[in-house]
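Visitor: Okay, structure incoming, though there's no sequence with it:
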């Protein structure tokens, strides 16, 4: 029986990035005022520059929470494979959001001003990347 050499962190991270690119639905977590987690099942995109981008509106709890505490996470699972990323959110609206996207942002189904939640993952966790 031959064993495969262990993959490096860089190789595993590249697998995790490919997994995020291949999916669009995840569980986004922010911190509530009470200190507890606020989770939202939502669509996201994984930008070419490595940012996670979420379109919402300023009336959404996730935007209000990220404004008060920018520490956020996104978990994406498919069967036994799961990738979780953590980062610090920035909120983009108006011309800044349009410049970032190259078009006017939508707000999903939320009332209020379209707002992009954007973060670059600075911490990665994964499980069963090989299935």
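Guide: Structure received. In this text, all values refer to a predicted model and were calculated from it rather than measured experimentally. Numbering: from 1, shown residues only.
Visitor: Only C-alpha atoms from now on, for both contacts and neighbour counts.
Guide: Will do.
Visitor: ok, and what's touching the helix ranked longest in the chain?
Guide: Secondary structure assigned by DSSP state H gives helix 9-22 as the longest helix of the chain. Identification of contacts with helix 9-22 by Cα atoms under 8 Å, 6 or more residues apart in numbering yields 45, 46, 76, 83, 124, 126, 129.
Visitor: need these in CSV with neighbour count, can you?
Guide: Shown next, in CSV, are the contacts of helix 9-22 (neighbours: other Cα atoms under 10 Å):
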residue, neighbour count
45, 19
46, 21
76, 19
83, 22
124, 14
126, 17
129, 15
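Visitor: Which single one of those is nearest to residue 109?
Guide: residue 45 (16.7 Å; Cα to Cα).
Visitor: three-state assignment of the nearest residue to that closest one once chain neighbours are set aside?
Guide: The shortest distance from residue 45 to any residue other than its chain neighbours is 5.2 Å, reached at residue 53 (Cα to Cα, 6 or more residues apart in numbering). Here residue 53 is recorded as strand under DSSP: H, G, I helix; E, B strand; the rest coil.
Visitor: Kind regards, and thank you for your time.
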